[in-house]
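> sequence first, predicted coordinates after that:
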Amino acid sequence: MTRVGDELPPLRIPITRTLIVSGAIASRDYQDVHHDAEAARAKGSPDIFMNILTTNGLVGRYLTDHFGPRARLRRVAIRLGAPNHPGDEMVLTGTVTSVEDRQVEVRVVGANGLGRHVTGTVTVQLPEDTPEPEVST
């Protein structure tokens, strides 16, 4: 049973050059700051950094890993903060903030060595054949 206040287990994601570059390519984001360290440094960053679409995909993975592959992400509202650079680790955590019918809202935070990389809320629709989430008052 899913209840308001439940905490999802953390997901630790090593931030590698391959993850950053492949995420940028997969999302067709060819901005040089996501694959060219010299260009990133010339623009004031110490190294390449992850794009928001890769972050969005990792947040989605975190929730579907927890709620199951048939759970549907209905609303994703995230905001970026500290950049994800190669060699760091992002730890995703989540707390259930609302349960209504089969819709569960989760507050998500992804933190790295610099601080919070991503914060936001995601609404997840659970499949019909899963047990009804418990509504807390």
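On my side now, so go ahead. Numbering: from 1, shown residues only.
> from residue 108, how far out is the nearest residue to residue 39 once chain neighbours are set aside?
In this structure, residue 39 finds its nearest non-sequential neighbour in residue 32, 3.8 Å apart by Cβ to Cβ, 6 or more residues apart in numbering. For every residue, glycine as well, the C-beta is placed using N, CA and C. Distance of residue 32 to residue 108, computed by Cβ to Cβ, to the nearest Å: 29 Å.
> those two: which is more packed in?
In this view residue 32 and residue 108 are compared by other Cβ atoms under 10 Å, and residue 108 has more residues nearby, 22 against 14.
> packing partners for the strand or helix carrying the more buried one?
Assessed by DSSP states H and E, residue 108 sits inside strand 103-112. Applying 3 or more Cβ pairs under 8 Å, 6 or more residues apart in numbering; DSSP states H and E, we find strand 103-112 packed against helix 52-67, strand 89-100, strand 115-125.
> and of the ones you listed, who's closest to residue 75?
Closest to residue 75 of the helices and strands packed on strand 103-112 is strand 115-125 (Cβ to Cβ; 4.1 Å).
> quick one on the thing from earlier: how about the helices and strands packed on strand 103-112 in TSV, adding mean neighbour count and distance to residue 41?
Output for the helices and strands packed on strand 103-112, formatted as TSV (neighbours: other Cβ atoms under 10 Å; distance: least, Cβ to Cβ, whole Å):
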stretch	mean neighbour count	distance to residue 41
helix 52-67	18	20
strand 89-100	17	22
strand 115-125	18	20
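> closest to residue 78 out of the ones you listed?
Of all the helices and strands packed on strand 103-112, it is strand 115-125 that lies closest to residue 78, at 3.4 Å by Cβ to Cβ.
> what distance separates that closest one from the centre of its chain?
Distance of strand 115-125 from the chain centroid (Cα atoms, centre = their mean, to the nearest Å) equals 6 Å.
> next, the angle from that strand to strand 89-100.
With axes from the mean of the first three to the mean of the last three Cα atoms, to 10 degrees defining the directions, strand 115-125 sits at 30 degrees from strand 89-100.
> okay if I get the helices and strands packed on strand 103-112 as CSV plus distance to residue 78 and mean pLDDT?
Below are the helices and strands packed on strand 103-112 laid out as CSV (distance: least, Cβ to Cβ, whole Å; pLDDT from 0 to 100):
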stretch, distance to residue 78, mean pLDDT
helix 52-67, 6, 97
strand 89-100, 11, 97
strand 115-125, 3, 98
